[in-house]
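> sequence and computational prediction follow.
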Amino acid sequence: MRWIRSFHEQNRTPMPYQRAMLITLTGNIFLAVIKSFATYWSGSSAMYADTANSISDVLYSILLVIGLWMSQRPPDLGHPQGHSRFEPFAALIVTLSMAFAGFEAGRSSFTRFAEGGQPIILGIPLMVLIVSVITKAIMFIQVRKMARETVSPGLEAAAKDNISDMWTSAAVAIGILGSQLIHPLLDPAAGFFVALLIFKAVFDQARENLGYLTGAGADPEQQKEFIEAVKKIDGVEDVHHIITEYAGPKLVVDMHINVDGEQSLNQAHTICDKAIAALTAFPEVDRAYVHVEPIGYV
């Protein structure tokens, strides 16, 4: 059995994380502040729902900073496989704060709906929502780029949340306009819609990150790609066993390959190293374990 030093340890740099976290934390604090002001000024329940969402975004940004910082720590005696599982764990905690925001958005909207709603003065709320959509679009582009560079579920969740927030702010804007132009109840109705968007994002993120924490493996298409990459190596006759498992946001691959049993140990060793290199060249693979066996052994 051969083991290669973690691709995660060799190549993953904290700089994209630092930039992404600075963008996320700064942007969310800015939006939470201006939305709080707009909510106080307008009394809009839809605006209140969006503000609750932004405040939860600030909380998740702080938790994500902590989770990403812990995930970057090198392996030690207590965590010989590294600390990468802290990242999806932090992302799961994020979903709890988002769930609370969704509950608060729904509660506020229900109360306002029961009271009959009220028309919302346009001015400041609409300006704030336009600024919010533009800010979130910029944050999405920047954070998604860094998430793809680092294969980070935490940053991917943050990027997806930015898209969700853009739709949320657009729904709030429609609700506020509708309360003035069509019927006052469109404001709390938009608040209900915001709550539903938040809960959908909670469900999607919880499902994904639970997979990272509970030993889910690569899908069949990914496993096929790993096998085909190794079969292309000169000297590999067959691949008869593969197991993949997420250790945090990246995969650990355990593979058995067949080679000519008559060749020297040095030759088999070289083939094994090439197989490990081929597997860890995939950005979603953190570590690879390759066992070499003679042809005909299964």
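Alright, I've got the coordinates.
> what comes up buried for the helix or strand where L196 lies?
Assessed by DSSP states H and E, L196 sits inside helix 186-213. Under the neighbour-count criterion of 16 or more other C-beta atoms under 10 Å, helix 186-213 has 186-195, 197-199, 201-202, 205-206, 208-209, 212-213 buried. Any C-beta I mention is one placed from the backbone N, CA and C, and that applies to glycine too.
> what's stretch 104-116 in contact with?
Identification of contacts with stretch 104-116 by C-beta atoms under 8 Å, 6 or more residues apart in numbering yields 45-46, 48-50, 52-53, 118, 184-185, 187-192, 194-195, 198.
> pretty sure H241 contacts V230?
No - counting by C-beta atoms under 8 Å, H241 does not reach V230; the two are 11.5 Å apart.
> which parts of the chain are helices?
Per DSSP state H, the chain carries helices over the ranges 7-11, 15-42, 45-71, 86-114, 123-150, 153-181, 186-213, 220-231, 265-280.
> in a markdown table, list those helices along with distance to E293 and mean pLDDT.
Compiled in a markdown table, the helices of the chain are given as follows (distance: least, C-beta to C-beta, whole Å; pLDDT from 0 to 100):
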| stretch | distance to E293 | mean pLDDT |
| --- | --- | --- |
| helix 7-11 | 24 | 39 |
| helix 15-42 | 39 | 84 |
| helix 45-71 | 35 | 77 |
| helix 86-114 | 34 | 73 |
| helix 123-150 | 35 | 86 |
| helix 153-181 | 34 | 79 |
| helix 186-213 | 30 | 76 |
| helix 220-231 | 13 | 89 |
| helix 265-280 | 10 | 90 |
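> most packed of these?
Burial of the helices of the chain is given as mean neighbour count (mean count of other C-beta atoms under 10 Å); helix 45-71 ranks first at a mean of 25.
> between helix 186-213 and that one, find me the angle.
For helix 45-71 against helix 186-213, the angle by axes from the mean of the first three to the mean of the last three C-alpha atoms, to 10 degrees is 20 degrees.
> what packs against helix 45-71?
Packed against helix 45-71 by the contact rule (3 or more C-beta pairs under 8 Å, 6 or more residues apart in numbering; DSSP states H and E) you find helix 15-42, helix 86-114, helix 123-150, helix 153-181, helix 186-213.
> show me the contacts for S54.
Residues near S54 by C-beta under 8 Å, 6+ apart: 28, 31-32, 35, 132, 165.
> and the pLDDT at D234?
The model reports D234 with a pLDDT of 90.
> that one - how many residues pack around it?
7 (other C-beta atoms under 10 Å).
> can you give me the distance of it to V202?
49 Å (C-beta to C-beta, to the nearest Å).
> repeat that for E245.
Using C-beta to C-beta, we find E245 at a distance of 25 Å from V202.
> and for P88?
Distance of P88 to V202, computed by C-beta to C-beta: 15 Å.
> show me what contacts I243?
217, 253-255.
> among these, which are located in strands?
Per DSSP state E, strands hold the following members of the contacts of I243: 253-255.
> most neighbours out of those, which is it?
Top of those by neighbour number is V253, holding 27 neighbours under the definition other C-beta under 10 Å.
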